[in-house]
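>>> Okay, here's the prediction I keep looking at, along with the sequence it came from:
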Amino acid sequence: MPDEDRMKIAFVYDVIYPYVKGGVEKRVWELATRLAKRGHEVHIFGMKYWEGDAVIRKDGVVLHGVCPASALYTKKTPGFYRTAAVFLCAAPSSACGSL
């Protein structure tokens, strides 16, 4: 893929598939891996459920564990906490800065 067509894409969600298996997690993972296979730079930001480094690469996707894992689906969980956000940068990767 030419650099001018390559995008940096970030998905932000509380948990990351396959460490937590749910509908949204699976959908985000499928989108992320398919976009990575097309040559885009894809990142997912969420709670860190894996051992080792906070930033890892899996199936062409960069995973960022931004905080320790915590309990899900509790009464203390604010509503916005389960909201997914997708940020797309249409400019070439070099112009977007570091994710």
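Looks like it arrived, so ask away. Numbers count the residues shown, from 1 in each chain.

>>> which ones are touching residue 55?
Contacts of residue 55 were listed using Cβ atoms under 8 Å, 6 or more residues apart in numbering, and they are 62-65. C-beta coordinates here come from the backbone N, C-alpha and C atoms, glycine included.

>>> and the longest helix along the chain, C-alpha only, in CSV?
The helix spanning the most residues in the chain, taking DSSP state H as the definition, is helix 23-37. As requested, the backbone C-alpha atoms of helix 23-37 are provided in CSV (Å, rounded to 0.1, in the frame of the first residue of the first chain):
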residue,chain,number,x,y,z
GLY,A,23,-19.5,-9.0,21.1
VAL,A,24,-17.9,-5.6,20.8
GLU,A,25,-14.5,-6.9,21.7
LYS,A,26,-14.8,-9.5,18.9
ARG,A,27,-16.0,-6.9,16.4
VAL,A,28,-13.2,-4.4,17.2
TRP,A,29,-10.7,-7.3,16.9
GLU,A,30,-12.0,-8.4,13.5
LEU,A,31,-12.0,-4.8,12.2
ALA,A,32,-8.5,-4.2,13.5
THR,A,33,-6.9,-7.4,12.1
ARG,A,34,-8.5,-6.9,8.7
LEU,A,35,-7.4,-3.3,8.5
ALA,A,36,-3.9,-4.4,9.5
LYS,A,37,-3.8,-7.0,6.8
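
>>> Show me which residues of the following helix or strand past it are buried.
Going down the chain from helix 23-37, the next helix or strand is strand 41-48, by DSSP states H and E. Going by neighbour count (16 or more other Cβ atoms under 10 Å), the buried part of strand 41-48 is 41-48.
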